[in-house]
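Undergrad: need coordinates for the following:
(chains A and B)
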There are 2 protein chains.
Amino acid sequence: MAKEKKVEQITDMEIDFAQWYTDVCKKAELIDYSSIKGMFIYRPYGYAIWENIQKGLDERFKETGHENVYLPMLIPESLLQREKDHVEGFAPECAWVTYGGSDKLEERYCIRPTSETLFCEHYANVIHSWRDLPKLYNQWCSVLRWEKTSRPFLRHREFLWQEGHTMHATAEEAIAETEQMLNIYADFMENVLAMPVVKGKKTDKEKFSGAEATYTVECMMHDRKALQGGTSHFFGDGFAKAFDITFTGKDNKLHNPFQTSWGVSTRLIGGIIMTHGDNNGLVLPPRIAPVQAIVIPVAQHKEGVLDAATELLNRLKAAGVRAKMDDSDQSMGWKAAEYEMKGVPLRVEIGPKDMEKGQCCICRRDSGEKVFVPLTELEEQVAKLLDAVHDGMYARAKKNLEEHTKTCQTMDEVKDFMQNEGGFARTMWCGDLECELKMKEEVGVTSRCMPLHQEKVGETCVCCGKKADKMIYWGVAY
Amino acid sequence: MAKEKKVEQITDMEIDFAQWYTDVCKKAELIDYSSIKGMFIYRPYGYAIWENIQKGLDERFKETGHENVYLPMLIPESLLQREKDHVEGFAPECAWVTYGGSDKLEERYCIRPTSETLFCEHYANVIHSWRDLPKLYNQWCSVLRWEKTSRPFLRHREFLWQEGHTMHATAEEAIAETEQMLNIYADFMENVLAMPVVKGKKTDKEKFSGAEATYTVECMMHDRKALQGGTSHFFGDGFAKAFDITFTGKDNKLHNPFQTSWGVSTRLIGGIIMTHGDNNGLVLPPRIAPVQAIVIPVAQHKEGVLDAATELLNRLKAAGVRAKMDDSDQSMGWKAAEYEMKGVPLRVEIGPKDMEKGQCCICRRDSGEKVFVPLTELEEQVAKLLDAVHDGMYARAKKNLEEHTKTCQTMDEVKDFMQNEGGFARTMWCGDLECELKMKEEVGVTSRCMPLHQEKVGETCVCCGKKADKMIYWGVAY
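TA: The predicted structure follows:
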């Protein structure tokens, strides 16, 4: 018997959110498992989403003067150890290469978990004068972190990402770069991925190993948990000193440059799924969807239907819409379910009756709404509908974020809120690590960020009750 | 003292070709060394060439129905061993991961030297029915081969490449795919990289470990050595059997699918350098050059010059030319040498005298020829010049290939030719491995390929003198 593909049921997210998520990843054919635990296969549909993310971000990086490079995937152990905080943060989850062919290596190499040390070694070679600054580099690659637990897109042992690494003559310039990249991430997530974000600064406890300051964009998922979408780090000149990177300034004296790094990963795809998906599967933001419109001929054996559907397809493609047609022999029901599952923003149907009326029927994935569009207005209406789908998705996600962000004054209030509702608890905080740890122990929340737009939402620290001047968000994070 | 960047001399290629090559790689800022032997850093200018190669090939792959995927970088040792010939070919040059964090792994993992085994494992999971075929996958990634010797772009321990892996219902379809991809490579190399190729089939000795047949595009470098530009392999159903990949056919019976793989790597950049470069540095084919035209204002302190140069730059960009301007305070001599070294196809100068005459001066990198172009004809003339540069570069490379390919009847003739001139020796060959080995031992040449366009250039094998029906090329290869 032929094992034909079928549309399989996915678990309802209200019943088991984690299972719903895994079902969507598998059944929308985004990902597959490999024989190594925690190492996943990005299937064509999942990879195509990443390619669109890459394209959108890469354009923004290049517009702001960044250049792409590629550095080795292996880091000698001695190089990793040059910056103390950094090696402490990463060494426990490094995968180590110890043999080359049949020869035992004199020194172990780890597969990069991140590339600060490699970039620093290279920068020491190529930065000499103020003329060589700034250096604005970015790298698209995969990195390895040997973690114990794993989930598709959210936590892989190997994942795809970009890592920007820049060097500047002054701290001010480096800080401006850190902020610029955070804003690029936030803009991209809101205007392309339809994911509203909270921009903020991480606490010292949560910042990147070796950084002076870490900035983050935090998002809220359907289940009201937080997802860190991207981070941007300011390093000061700590690494530059550890790696002996110097330049001769216009003053003819030697200086250490100031450094940043920033990155987003395929984790964003997990964020898209958990922000927009529903019980019928994936719901893709139109600006990132590999297929924006799927054309389906109705009663395609009838005369003229395939021609009409093909003309429709070609008009959409000519208008710059990423469109495909499914004229396979599968049933209409199968096709409808398939493209629901895959989250295609618009399903465009045309059959004999539509042809008589000079129209097609367009169904929105996000709302299920159907509209009949006169063929004379096809391109214009499809462009409008794609924008409407984006706006609708963004508005729903924004509503979710706002409705489940609550100002709290006491730990009990936070505890109640997290237990009964879940979301982001907005409080004041004194800044002490002790209070941050206590929130984790007693309420089970971690600090998400201190939003850049600070508001005074109280007088005293949610934990110790002392006078506090920092507004902070708490939540449970992926 | 400031260490300012200077234009440094490069060795003449007639004096020391290998040193000339290394000088160009370093001084055109294509590459840098890392602290691990054989692992190189692709600097922005070198990586930008690769990005253009990627873009051009990726478009061609997608036009022919291929989809990109990403599979893990690690292969369990047991998986690598599933296909006997394959593991024998690759195991000696694998880098092995033995520790994850502080835990010794139960099984060793090698960093992929190529991904046939991983693709096969995945294909076994996702191929069930004839409806699932063909699978036309491609992956952009880096691979590791722990070789003893290394040279920039030509032989890295880690290099960037693409690897296509496809599965088909019939051997005929798979063979057609193998040929299609070879033709795409040849077309791309000739029409984009301006590198003439010889398309042919590898001997059994030279074919890929585990393949039934390997096809290749071979090019001739300035020093008359051969460079294998890309390969395309037909695997039959050998891997499919070893990995138990089956599908239910339309006949409702189980079958093994037929497989191909094909790849090109950053080695192509080495080929570009050694095909087109000269004693002033790099010469880049216009269709792949990161900067196609560099605009240089002459006497830029004089009124209106910078404005005129900027207008020129903007017009070129608007016309789709990859153009940049250098209005730095470096001297004209420095700038001229710098963009010669970097191989920028056109240098466009404009100064007060040109402005009076309503013209600019355009200098071709390939020929050194200067032309004055009326500003009214700028876009049109630049487009024509870029094509002329491409055609000129292709013609010179083709001349080099043709003038140094010689038909030989005897081993002595081949030996003489290789010693006194060098190039491709075209002979007849009986097909015996013994003769192929003897050519290597006694003449120092390897078989490059049996060209697809076979001609009868003699009656007997160049080595054993027996009747021979295969026309073959011999050479010394990178």
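Undergrad: please count neighbours and contacts with C-alpha atoms only from this point.
TA: Will do.
Undergrad: what residues does the stretch 251-400 of chain A put near chain B?
TA: A:Asn252 (Cα under 8 Å from any Cα of the partner chain).
Undergrad: which residues of the stretch 251-400 of chain A score low on pLDDT?
TA: Within the stretch 251-400 of chain A, no range satisfies pLDDT under 70.
Undergrad: find the centremost residue of chain A, please.
TA: Centroid-nearest residue in chain A, with Cα atoms, centre = their mean: A:Leu268, separated by 2.0 Å.
Undergrad: so that one, which of the three states?
TA: helix (DSSP: H, G, I helix; E, B strand; the rest coil).
Undergrad: what about it, distance to A:Phe153?
TA: Distance of A:Leu268 to A:Phe153, given as Cα to Cα, to the nearest Å: 8 Å.
Undergrad: ok, A:Gln409 next?
TA: Computed as Cα to Cα, the A:Gln409 to A:Phe153 distance reads 35 Å.
Undergrad: give me the neighbour count for the residue of the stretch 251-400 of chain A found nearest chain B.
TA: Residue of the stretch 251-400 of chain A nearest chain B, by Cα to the nearest Cα: A:Asn252 (6.2 Å). A:Asn252 is flanked by 13 other residues according to other Cα atoms under 10 Å in any protein chain shown.
Undergrad: hang on, it in a strand?
TA: No: if the criterion is three-state DSSP, then A:Asn252 is coil and not within a strand.
Undergrad: longest helix in chain A, please.
TA: Using DSSP state H, we find that the single longest helix of chain A is helix A:378-403.
Undergrad: near chain B, which residues of the stretch 51-200 of chain A?
TA: Counting by Cα under 8 Å from any Cα, the stretch 51-200 of chain A sits next to chain B at A:67-73, A:76, A:91-102, A:121-122, A:128-129, A:131, A:137, A:146, A:158.
Undergrad: swap the cut-off to 6 Å and go again
TA: A:67-71, A:92-97, A:99-101, A:128, A:146 (Cα under 6 Å from any Cα of the partner chain).
Undergrad: list the contacts for the residue nearest to A:Gln228 when sequence neighbours are not counted?
TA: Spatial nearest neighbour of A:Gln228, excluding adjacent residues (Cα to Cα, 6 or more residues apart in numbering or on different chains): A:Glu218 at 4.6 Å. Contacts here follow Cα atoms under 6 Å, 6 or more residues apart in numbering or on different chains; on that basis A:Glu218 touches A:197-198, A:227-229.
Undergrad: I'd like these as CSV, with pLDDT and secondary structure appended.
TA: Formatted as CSV, the contacts of A:Glu218 follow (pLDDT from 0 to 100; DSSP: H, G, I helix; E, B strand; the rest coil):
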residue, pLDDT, secondary structure
A:Val197, 98, coil
A:Val198, 98, strand
A:Leu227, 97, strand
A:Gln228, 97, strand
A:Gly229, 96, strand
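Undergrad: will you turn those into TSV that also has neighbour count?
TA: Output for the contacts of A:Glu218, formatted as TSV (neighbours: other Cα atoms under 10 Å in any protein chain shown):
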residue	neighbour count
A:Val197	22
A:Val198	21
A:Leu227	24
A:Gln228	20
A:Gly229	25
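Undergrad: return the member of those residues nearest to chain B.
TA: Taking Cα to the nearest Cα as the measure, chain B sits nearest to A:Gly229 out of the contacts of A:Glu218, at 21.2 Å.
Undergrad: these two touch, right, the closest one and A:Met220?
TA: No: look at A:Gly229 against A:Met220 with Cα atoms under 6 Å: they stay out of range, at 9.9 Å.
Undergrad: so what's the residue count around the spatially closest residue to A:Met274 that is not a sequence neighbour?
TA: Among residues not flanking A:Met274 along the chain, A:Met221 sits closest, at 5.3 Å (Cα to Cα, 6+ apart). Look at A:Met221: counted by other Cα under 10 Å, it has 24 neighbours.
Undergrad: since that was my last question, I'll sign off now.
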